[in-house]
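Asker: Sequence and computational prediction follow.
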Amino acid sequence: MRMKADPKAAAGRAFVRSLNILLKFARLYGHEHARTIEQLQTAWQELRAAIPMGTDSALVLGATNSQLLLDGVPLEGSPAEKQFAQLLSAAGVASVQFFASLTEEEIGRFVRAFPTGKAKPAELALQLKAALADAQGIRINEICFVATDARLKDVSIAAQIAAASLGGDQEQFRQWLNDPQKLLELIAAAQGSKSGGVSGPGPGGPIPAGEAPGTGDSAAAGPAGGGSGYGAGTAGGGTSTGTGRGTGLWTAGGSGVGFVSEIECSAAVGSVGVAGAGFGAGKGSASGGHGEPSEEEIYGILSALTSFGTVGTGQGGVAAAGVFQEQMSQLPGRAQDTLKQALASLAAQAPNNKPDESVIVKLAEHLAIRFALERFERGEVKVNAVRQMLDRMNQEIENLRKILGSHEDKMSEAGILAESHREILDKQFWAAVPESGKRAVLLSGDAWCIPPRNVQSYVGELIEHGNIAEAISILQNYAACADSEDADARKKTAVGLSEMAELYAKADPKLLSEALRHVGLRLSVEQDSELQGLVSAAFVRLSQEAATSRYFPAMEQALDLLAGVESQRPGIARSLRGKMGIEERVPEFVEEALKARQVAAGLTDVLRLLPQTTMEQLSARFNRCSLRDDSEHVANLAADMGEEAVQYLRSTVRGGPIAEAVEMAGLLSRLDPESVMVFLPGRMKDFPRTSQDRIVRQISASGAARRCHILLELLDHVDPLVTPLVIDEIGVTADREALGKLLTIADGDLPSGGGSFLRVKAIEALGRVQAQESASTLKRIVEAKKVFGWVQPLELRIAALQALDKLDPDWVQNYLPKSGIDKEDFTLAPLEIPPSSRFVRQRRHTRVRLQKPVRAVSINLTENCSLEIKTASLSGGVATISRHLPPGTQVQLKLQVGMRNLQATALMRDYRAQDMAFEIVDMNLEERSKYRRLLAGSLQPTGPAVVESDVTPEPVGVAASK
């Protein structure tokens, strides 16, 4: 089944194109030019189709950089439409909203607001505001910037939001959140209040801090490398510091800082920074821990920090500090030391500057990342367990990040994307993993645990450095995770494949086929509804990327897999087919297949898997072909589509909608003429005359070997006004199969509703068949006499004599002087139709440029019109007409020739520049003789008439006519 397009979206896209053309016309010709006004009408009608009057609907045309968006959906635009988007973006216009209450006058003001000459983009917004000041149907949405409090310019986002929301003692609380030394004081005070503290060994006295030397021994610490350290202690109100060798705790080595407040305590601190700062503690710490903290202790620290953030938000100031100290005093000593080490690292990294965001939040993330990384590097946990560990830690931090979370909500409402807390932790963890660890994880079965953006970054670097093979191996392994038995693995892999579809095409388009295979097979068997949606989205995104990159083997595989899904889950398959982006590109693919000397690999197979859309496109192109080579090329490509495609044509001609059956009949007559002979005659009587006329022309132009037989089958089922055309087309085939029927008509046995005009057409067709069997009948028509004059009308005898001229020219030359036919009348003979013509249709009669235009008027229409005929032939002509008539309109013409009037029945044909063609389908034979003399009298006396048997540009004197 063919997917039905959204009419509003289609009308909206048409309006955007028309608007762009309208602005171009305005720049080229001005707003008052006829073409600009006409295009304005077109754009207005298309906009009204998208948002009908009296509804509540609206249409939003947005712009971001060079991308136009229609109701939030990106449009694939031309370079001109991209320039239009850039113009709106440069002018600060985010979107233009059209409402159903819009009037034509308002859309005109909107267009006139755009500059026709060179102007700065900033002026556009001002001009639009001025032009649409009181408009009710159009709204201009601009990009706005929001001011912030200048007092908070030097603090982080988290602190700013806290300061704005907590109230009370905001300044003091903001200082605590942004000062690691202050937090360290709180921890040291809490630790000192619990243990009472023990003085360090360094000498002290009433001297300024740091002026007296001291010594300290390094305490046994964690398993990481060594670094310099400081011992700290208090004595009699003074402070002393000492230096000594130490071992950094839980880091790869570096420097550390010891800090002592005026509160009596002694502490040992170190760093857990990613950069690897280490610390050795002096003897005399109040409570020292050895080795790495346990997982439960880390969770306890995070819980304490989040509780502090929650309490601080509710009470603020000193009350929050008191609660925090109480909670810290309840933690194990090793957990307290770990927290102090982390804070000291932050202080050492930025001794004079405040961190970029709230220290308490950064501290929690710092501890979580470092703990997870240490366990992963030692092999104690796998990467999937790391994700679970980070998820649990993220839950502990969630309450701490509530302030930032509300800020993210506000950013989202404003259309600004912010990374989630979990994404931040994932990114930081991945950045800390060494290169060898990254490669090992990405080539393992746990590759799905790595966030897609991290995979993209790593693989992108490999591609830039030329490591294509390794990049391909990683992407292949990632796609294979879609087959995992773990539901969470399949979920994350589906999301990752959706995000990385473009990367798969960039690395190697063949990877798209492999990824589609994994996802497509999973789509058939996945039972979980949420996973079905994610897998479907991945399948659609990969298919779209295959279509965009024009990698036909991947498209073929996607369509094959979708066919398998359709047999089990038809509803899902129908939904996906319209979203894949392949079917809508069939016109482009058909164009490529017809133009390319060598068809791209897999293109024909893709088209074969979309028989309905492909045959619709090929039928339309087949009917538009004017050259025989082009027609043959289209027919050959259609034949390559296989039996399923031909079956679609058969079913449409047999019982499809009339409009579609008309379009398919020509191509089907070429591919399967027997089906046309069986199905079409019975339906023809139900078709309108215009449809019958079009079918006859298409079958004749198809070049089908059996087209004469098809036309003979249709002869008794068409409208009487179409019968002359059918007989004409039978004659063009020059097939002897039609001889019996033509002779019968020539003798006067006419089809239902036919007149003597059909006898002339049948005799002309016999002249093209050139069968000797018809000579006796033609001579009888020419020679038959009665007492006074001739038995047959003059026009019938002229047609028979012209046909005999092709069978027995000697007899004609001998008989012509005694035939009573003037040589002038004998001049305008039907044209020869060359069998090897390069055109699919040829003119039937010599066309004459009249020496003086002939005026004609219609006499059968409700609102009659006048015609000025400048060029004509025995079968029709071209005239300038006073008003538009739809092609196919039946017109009873009265031609004014001197003092005489000639009448003929004609069908209006297509427009040619400012004129319109017409074809004579019935005419009294006496009137036709007079019409013949009119044309013969307009032939140039200075030389022979110039005759064209193919469709060529008209010469000055005589051309050829249908």
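Answerer: Looks like it arrived, so ask away. No experiment lies behind these values; they were computed from the predicted model shown. Numbers count the residues shown, from 1 in each chain.
Asker: where does the stretch 251-400 of the chain have low pLDDT?
Answerer: Under the criterion of pLDDT under 70, the regions of the stretch 251-400 of the chain flagged as low confidence span 251-297, 299-300, 302-336, 338-400.
Asker: List the contacts of residue 604.
Answerer: For residue 604, the contacting residues are 593, 637, 640, 641, by C-beta atoms under 8 Å, 6 or more residues apart in numbering. C-beta here means a position set from N, CA and C on the backbone, and glycine is covered the same way.
Asker: And residue 724, how far from residue 876?
Answerer: Distance of residue 724 to residue 876, given as C-beta to C-beta, to the nearest Å: 11 Å.
Asker: one step back: list buried members of the contacts of residue 604 by neighbour count.
Answerer: With burial judged by 16 or more other C-beta atoms under 10 Å, the buried subset of those is 593, 637, 641.
Asker: pLDDT, secondary structure and distance to residue 463 for these - can I get that in TSV?
Answerer: Converted to TSV, these look like this (pLDDT from 0 to 100; DSSP: H, G, I helix; E, B strand; the rest coil; distance: C-beta to C-beta, whole Å):
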residue	pLDDT	secondary structure	distance to residue 463
593	91	helix	31
637	94	helix	37
641	93	coil	38
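Asker: Can you list the buried residues in the one helix or strand residue 522 maps to?
Answerer: With secondary structure defined by DSSP states H and E, residue 522 is part of helix 510-525. Neighbour-count burial for helix 510-525, with 16+ other C-beta under 10 Å as criterion, is recorded at 511-524.
Asker: Let me see the mean pLDDT of that helix.
Answerer: Averaging pLDDT along helix 510-525 gives 91.
Asker: Need the contact partners of it.
Answerer: 472, 475-476, 479-480, 482-483, 490, 494, 497, 501, 504-505, 532, 535-536, 538-539, 542-543, 545-546, 549, 551, 553-554, 557-558, 561-562, 564-565, 568-569, 572.
Asker: remind me which residues of the stretch 101-250 of the chain are low pLDDT?
Answerer: In the stretch 101-250 of the chain (pLDDT under 70), the answer is 116-119, 122, 143-250.
Asker: between the buried ones among the contacts of residue 604, which is closest to residue 867?
Answerer: residue 637 (41.4 Å; C-beta to C-beta).
Asker: Who's the closest spatial neighbour of that closest one, skipping the chain neighbours?
Answerer: Ranked by C-beta to C-beta, 6 or more residues apart in numbering and with sequence neighbours excluded, the top spatial neighbour of residue 637 is residue 593, at 5.9 Å.
Asker: next one: residue 652
Answerer: Beyond its immediate neighbours in the sequence, the residue positioned closest to residue 652 (C-beta to C-beta, 6+ apart) is residue 664, lying 4.7 Å away.
Asker: what's around that neighbour, how many residues?
Answerer: Residue 664 sits with 27 neighbouring residues when counted by other C-beta atoms under 10 Å.
Asker: Is it correct that it is in contact with residue 649?
Answerer: Yes - between residue 664 and residue 649 there is a contact under C-beta atoms under 8 Å: 4.9 Å.
Asker: anything in contact with each of these two?
Answerer: A shared contact of residue 664 and residue 649, defined by C-beta under 8 Å, 6+ apart, is any residue touching both; here these are 615, 619.
Asker: Next, count neighbours for residue 778.
Answerer: 24.
Asker: For whichever strand or helix holds it, buried residues please.
Answerer: In the assignment (DSSP H and E), residue 778 maps to helix 775-783. Within helix 775-783, the residues that qualify as buried are 775, 777, 778, 779, 781, 782, counting by 16+ other C-beta under 10 Å.
Asker: Just give the number of residues close to residue 787.
Answerer: 4.
Asker: mind listing the helices for the stretch 851-962 of the chain?
Answerer: If you assign secondary structure with DSSP state H, counting those that start in this stretch, the helices in the stretch 851-962 of the chain sit at 925-937.
Asker: all strands of it, in order?
Answerer: 866-873, 876-881, 890-897, 900-912, 915-922, 958-961 (DSSP state E, counting those that start in this stretch).
Asker: Grab the longest helix from this protein for me.
Answerer: Residue-count comparison of every helix in the chain, with assignments taken from DSSP state H, identifies helix 7-29 as the longest.
Asker: Only C-alpha atoms, please: export that one in PDB.
Answerer: Extracted in PDB, the C-alpha atoms of helix 7-29 (Å, rounded to 0.1, in the frame of the first residue of the first chain):
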ATOM      1  CA  PRO A   7      -1.600  17.300   3.000                       C
ATOM      2  CA  LYS A   8      -0.700  20.200   5.300                       C
ATOM      3  CA  ALA A   9       3.000  19.300   5.100                       C
ATOM      4  CA  ALA A  10       2.900  19.000   1.300                       C
ATOM      5  CA  ALA A  11       1.000  22.300   1.000                       C
ATOM      6  CA  GLY A  12       3.500  23.900   3.400                       C
ATOM      7  CA  ARG A  13       6.500  22.800   1.400                       C
ATOM      8  CA  ALA A  14       4.900  24.000  -1.800                       C
ATOM      9  CA  PHE A  15       4.300  27.400  -0.100                       C
ATOM     10  CA  VAL A  16       7.900  27.700   1.000                       C
ATOM     11  CA  ARG A  17       9.100  27.000  -2.600                       C
ATOM     12  CA  SER A  18       6.600  29.500  -4.000                       C
ATOM     13  CA  LEU A  19       7.600  32.100  -1.400                       C
ATOM     14  CA  ASN A  20      11.300  31.800  -2.300                       C
ATOM     15  CA  ILE A  21      10.400  32.200  -6.000                       C
ATOM     16  CA  LEU A  22       8.200  35.200  -5.200                       C
ATOM     17  CA  LEU A  23      11.000  37.000  -3.400                       C
ATOM     18  CA  LYS A  24      13.300  36.300  -6.300                       C
ATOM     19  CA  PHE A  25      10.800  37.700  -8.800                       C
ATOM     20  CA  ALA A  26      10.400  40.800  -6.500                       C
ATOM     21  CA  ARG A  27      14.200  41.300  -6.600                       C
ATOM     22  CA  LEU A  28      14.400  40.900 -10.400                       C
ATOM     23  CA  TYR A  29      11.300  42.600 -11.600                       C
END
